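In: give me a model of this one.
(2 chains)
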Amino acid sequence: MSQPFRLSVPDADLDLLHKKLDLTRFPDELDGAGWDYGVPLADVKRLVAHWKHGFDWRKSEAEINKLDMYTTDIQVDGFDKLNIHYVHQKSEVPNAIPLLFVHGWPGHFLEVRKLLPYLTSSSPDHPSFHVVAPSLPGFGFSEAPHKPGFAGYQYAEVVHKLMLSLGYNEYVYQGGDFGHTIGVFVVNKYGNTHVKAWHSNLPVYRIPTFFSNPLLFLELLTMPFNKYIRDKVQTSLRIRKKEFGYFMVQSTKPQTIGYSFADSPVGLLAWIYEKLVAASDNYPWTDDEVLEWISIYWHARAGPAASARIYYELTRGNEASDMFEGTSWTSVPLGVAHFPGERISLPKSWAHMLGKVVQESFHEKGGHFAAFEAPEALAGDLRKMFGKGGPAYGVVSGKDGY
Amino acid sequence: MASSDERPYSISIPDSELDFLKKKLELTRFPDELEGAAWNYGAPLSDIKRLVGHWQDGYDWRKSEAALNTLPMFTRDIEVEGFGTLNIHYVHQKSDVAGAIPLLFAHGWPGSFLEVRKLLPLLSAGGPDHPSFHVVAPSLPGFGFSEAPSKPGFKGPQYAEVLNKLMLALGYEEYVYQGGDWGYALGKYVVTNYGHRHVKAWHTNMPLPGAPSLFKNPLLYLGMFFLSYDETSMKRLANMKRHRTKGTGYFNEQATKPQTIGYSLADSPVGLLSWIYEKLVSWTDEYPWTDDEVIEWISVYWLSRAGPAASTRIYHELTGGMTHDTDQGTVWTSVPLGVSYFPKEIFQLPKSWSHTLGNLVFESDHDKGGHFAAFEQPEAIAGDLRKMFGKGGPAHGVVPGKGGY
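Out: Residues are numbered from 1 along each chain as shown, chains lettered A, B, ... in the order given. All right, here's what the predicted structure looks like:
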């Protein structure tokens, strides 16, 4: 049974945070380090000072509470029921298309905020959506699983059952980062029957093999001779090496780094801020934006350490060859968006390994956190895909968005 | 040479530092843990809670400090080309035996000069049956009570320069070298740059050879294809694979973003504790760590002169930010090399590959011990060094006039 949710971090939690901030011990930094060794000291000192004296959490909280938020219990096979927090913003248009928006790491439910006005507004010129944006289990204000093994199909089950609980038997899906990965599991299990189409702003999948995708595999073989593809893949590999320390730590030892996340505001701040800057497309982060973002992790219901476990579970502790084990290509219509700031950029043809690509868009601006950085562009893609004349118009019976 | 006079050194952490630590420990916020997680997800919560509790209520830093201060410790300035002077802390234990062999002991991460402690009585003891050593064990720059470099680019040759200059400053023109972990990697630079002239032989408990190449090691290279590896070598390679898959997150992070993880290590006692403790347990061979031993070990990082973040930078500097191997620029030399194999060492390559590291004159196998061999199995290491350098040993008399007797 769903209950309205009002965010209210206890005073005691804020007191503890401030006591800790007051006792922050900073490291030094190598001369001229810039960003070469990680997050620069000047940035971190400035942000900590702002967290102490400038950032007003209660103000953020009040703004967040203007969203239509709820919690409900969802039972996942083999696990205890989890109390799931979500935003549910209905459109005025009764036949708006139900859309499930799923965040990733280090993202959270608030990434949907700037999209809401675009997606829920009504107009004869574009479709409208009812938007559901949960906090994934272990993130934001949802409970976290208590046992090992909560992996791709479990996350998929939670978000799918959430939609069913809201009366949305048929719906569409949008995600990036783990929102994309979980999307693959969602469409594999509930595609066509329930999920009528999906959209991703990080369309990655496993490397083609001869048996899974012979044409793409042959393309991979021609790589030495195809400079465009070679450059893209090499750049991705280089970035992977330089930017994937966090991935290696979280996919093998999430508990170990979890002690730092839970105990050290500056430690958590630096770890996440590094990615907010590296993965976005020169987004002009304000200190308030950064601290609000970090605060969702610091004040998370299950604590910040729980959020790292998704890396472990979806890679089986880094023993899986990829995060998509147990999934395959589906015929569910797929829209993909390529944003230039995205760290990983694979040949665009590889998106076809994921599903039936019916729309592909290339943007000039925006990065990993597309919904936050370029909400108009992302909303535009969804309107085009689902609007009249679009490749996924009317996929949800009786709910064409007008 | 450009190094100033030696000063005796006593560790004396200000009360204010200890008070500050106490305040932070009191505010520790713990995460939860998955049911039945044990060690699968990292250091277990019950271990960490118990250790934090001990750090708060049971552990006595002043007692550790007093005991450490009975070691013969000193500091001196060492000038490094392009980096100015660094004030280097070291243990210098002389033997009563005048002709003792000068030995430089280099630690790694998350090690420290503490690792030499159990070796000192064994190595410096005199006797007709075994050689004796004068032991020099520094805190590497950025570790323990040595200063850290303040600018980028302090790489293998720079660390080697510090180590060599330290020995020369102590009057040891010719010496031998022992190290594991970074002590091994730096050993390759020390031997490449100062081998024969100053370093007469070296020993490691963590050999890390690359695969043989056709041009450098044709027989070993061909052996990879035509000879199937024996069961031991196959098991060693399987252990390596497991380490690579499950145990190298810290390496990746420290080699690419040492500053980022540095904020946690500097600010969070429990964060630092768990980051290091995880390795103290997983890299040792069921060593029966006492809580005091663990907290003392962590304290050397928490209370270090340059702060705990500085110690991670060696990973970035020596790999070029994960763009090259840790031994780039080093070469095979004919300087006599001894290797000891311990079963729980994290890097386990086929033993035949050790020949690619240098002029292998001594090999020794043990059935107990792990990565921190000098700490876990001091008698084994000391025994190996005595055998290698003693009368009848393959490196006996390498240092002219200092045969160890």
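In: tell me what the host helix or strand of residue A:231 is packed against?
Out: Per DSSP states H and E: residue A:231 is located in helix A:227-243. In this structure, helix A:227-243 packs against helix B:249-256, with contacts taken as 3 or more C-beta pairs under 8 Å, 6 or more residues apart in numbering or on different chains; DSSP states H and E. Any C-beta I mention is one placed from the backbone N, CA and C, and that applies to glycine too.
In: pLDDT on the helix it packs on, on average?
Out: Mean per-residue pLDDT for helix B:249-256: 97.
In: check which residues of that helix are buried.
Out: Under the neighbour-count criterion of 16 or more other C-beta atoms under 10 Å in any protein chain shown, helix B:249-256 has B:249-256 buried.
In: repeat for stretch B:39-49
Out: For stretch B:39-49, by 16+ other C-beta under 10 Å, it's B:40-45, B:47-48.
In: hmm, who's touching that stretch?
Out: By C-beta atoms under 8 Å, 6 or more residues apart in numbering or on different chains, the residues outside stretch B:39-49 that reach it are A:148, A:252-259, A:309, A:312, A:317, B:30-34, B:37-38, B:270, B:273-274, B:277-278, B:281-282.
In: please indicate which of these are buried?
Out: Buried members of the contacts of stretch B:39-49, counted by 16+ other C-beta under 10 Å: A:148, A:252-259, A:309, A:312, A:317, B:30-34, B:37, B:270, B:273-274, B:277-278, B:281-282.
In: now the phi/psi pair for residue A:182, please.
Out: The phi/psi pair for residue A:182 (degrees, to the nearest 10) reads phi -60, psi -30.
In: that one contacts residue A:175, correct?
Out: Yes - Residue A:182 is within contact range of residue A:175, at 6.4 Å (criterion: C-beta atoms under 8 Å).
In: settle it for me: which of those two has more neighbours?
Out: residue A:182 (28 against 25; other C-beta atoms under 10 Å in any protein chain shown).
In: which residues does that one contact?
Out: Counting by C-beta under 8 Å, 6+ apart, residue A:182 touches A:102, A:136, A:152, A:155-156, A:159, A:175.
In: ok, 10 Å please
Out: Counting by C-beta atoms under 10 Å, 6 or more residues apart in numbering or on different chains, residue A:182 makes contact with A:100, A:102-104, A:136, A:152-156, A:158-160, A:173, A:175, A:310, A:314, A:323.
In: now do residue B:163
Out: With C-beta under 10 Å, 6+ apart, residue B:163 has these contacts: B:78, B:88, B:90, B:104, B:106, B:136, B:138, B:140-141, B:175, B:177, B:179, B:183, B:186-187, B:189-190, B:193-194, B:199.
In: where does pLDDT dip in the chain?
Out: Reading this off chain A. A:208-213, A:219-226, A:228-229, A:343-345 (pLDDT under 70).
In: was after chain B, sorry
Out: For chain B, the stretches with pLDDT under 70 are B:1-4, B:225-229.
In: tell me the contacts of the residue in the stretch 301-405 of chain B that chain A sits nearest to?
Out: Closest approach of the stretch 301-405 of chain B to chain A (C-beta to the nearest C-beta) occurs at residue B:309, with a separation of 3.3 Å. Contact analysis of residue B:309 by C-beta under 10 Å, 6+ apart lists A:25-29, A:37-38, A:41, B:142, B:148, B:258-267, B:272, B:301.
In: please redo it, this time with the cut-off set to 7 Å
Out: By C-beta atoms under 7 Å, 6 or more residues apart in numbering or on different chains, the contact set of residue B:309 is A:27, B:258-259, B:262, B:265-266.
In: and the two most separated of these?
Out: With C-beta to C-beta as the measure, no two of the contacts of residue B:309 lie farther apart than B:258 and B:266, at 11.4 Å.
In: looking at the two, which is more packed in?
Out: residue B:258 (27 against 22).
In: now the phi/psi pair for the closest residue to the more buried one other than its chain neighbours, please.
Out: Spatial nearest neighbour of residue B:258, excluding adjacent residues (C-beta to C-beta, 6 or more residues apart in numbering or on different chains): residue B:312 at 3.8 Å. Residue B:312 adopts backbone torsions of phi -80, psi -20, taken as degrees, to the nearest 10.
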